[in-house]
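> fold the stuff below for me.
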Amino acid sequence: MARNARYCTQFRRRREGKTDYKARRALIVSGKSRLVTRVSIGNVIVQVISAKPKGDEVLVSAHSRELLKYGWKAPRGNVPAAYLTGYLLGLKAKARGVEEVIFDIGLYPPTKGAKIFAVLKGVIDAKVNVPHSAEKLPDEKRLKGEHIASYAQKLVPQPEEYQSKFSKYLQQKVKPEDLPKHLAQVKTDIMTAFKNRGK
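Residues are numbered from 1 along each chain as shown. A predicted model of the protein is given here:
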């Protein structure tokens with residue numbers, strides 16, 4: 001509602017709570033590419049975006065569905081999958097000559113250990129420089145899925161609940177207790193694939 005004659009209506013996306021234009025302007029003025037992460041219950045999407053006069057240009061992107069090519073059998077929306085997707089994006093960015101990006105979380109609340117920060121950790125582990133606060137990153141145990149493996153181990157004596165909680169894992173023939181080993185193998189396969197591309 002207008003308060004006086006000089007009142008200006010906010011941009012639609014700001015009114016809808018979709019874009020913080022002040023923060024976006026600061027990111028664009030920096031002249032550096034942005035690392036943009038969007039997560040849902042079932043998937044993770046990561047992009048490196050560069051602002052151009054005619055609009056944003058996507059330089060590199062990675063989707064958690066791509067992990068299937070490297071043998072990933074666990075769900076694609078959890079913390080370990082977010083980490084691997086970030087790692088994959090980081091390797092793609094390095095291959096395209098992208099050495100540094102700025103992390104753009106949009107309007108996500110910067111909650112410590114959130115999936116978006118698991119993505120960030122993956123990008124950093126791929127040797128892409130991203131200014132960040134280390135205290136926001138998930139601990140290594142969560143990144144590796146040890147919290148999931150530990151919970152699954154506790155439910156083993158309760159077959160019905162175990163089956164109910166981890167049906168997606170079991171459908172893909174991967175035991176949730178073995179998730180840390182599975183992640184390590186998939187990460188190695190991703191790394192090997194990119195090393196072979198460079199030869």
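
> when you work out contacts or count neighbours from here on, use the C-alpha atoms and nothing else.
Noted.

> how far does stretch 68-76 stretch from start to finish?
With Cα to Cα, to the nearest Å as the measure, stretch 68-76 spans 9 Å from end to end.

> what sits against the residue nearest the centre of the chain?
Geometric centre of the chain, nearest residue: residue 119, 3.1 Å, by Cα atoms, centre = their mean. Residue 119 makes contacts with 37, 46, 82-87, as judged by Cα atoms under 8 Å, 6 or more residues apart in numbering.

> now with 6 Å?
Counting by Cα atoms under 6 Å, 6 or more residues apart in numbering, residue 119 touches 82-83, 86.

> and what of residue 122?
83, 86-87.

> how close does it sit to residue 106?
Distance, residue 122 to residue 106, using Cα to Cα: 19 Å.

> this structure: strands as residue ranges?
34-39, 44-52, 55-63, 102-104 (DSSP state E).

> out of those strands, which comes closest to residue 77?
strand 44-52 (6.2 Å; Cα to Cα).

> identify each buried residue in that closest one, please.
44-51 (16 or more other Cα atoms under 10 Å).

> kindly reformat those as a markdown table and extend each row with pLDDT.
Shown next, in a markdown table, are the buried residues of strand 44-52 (pLDDT from 0 to 100):
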| residue | pLDDT |
| --- | --- |
| 44 | 96 |
| 45 | 96 |
| 46 | 97 |
| 47 | 97 |
| 48 | 97 |
| 49 | 93 |
| 50 | 91 |
| 51 | 81 |
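
> return the member of the residues you listed nearest to residue 178.
residue 44 (21.9 Å).
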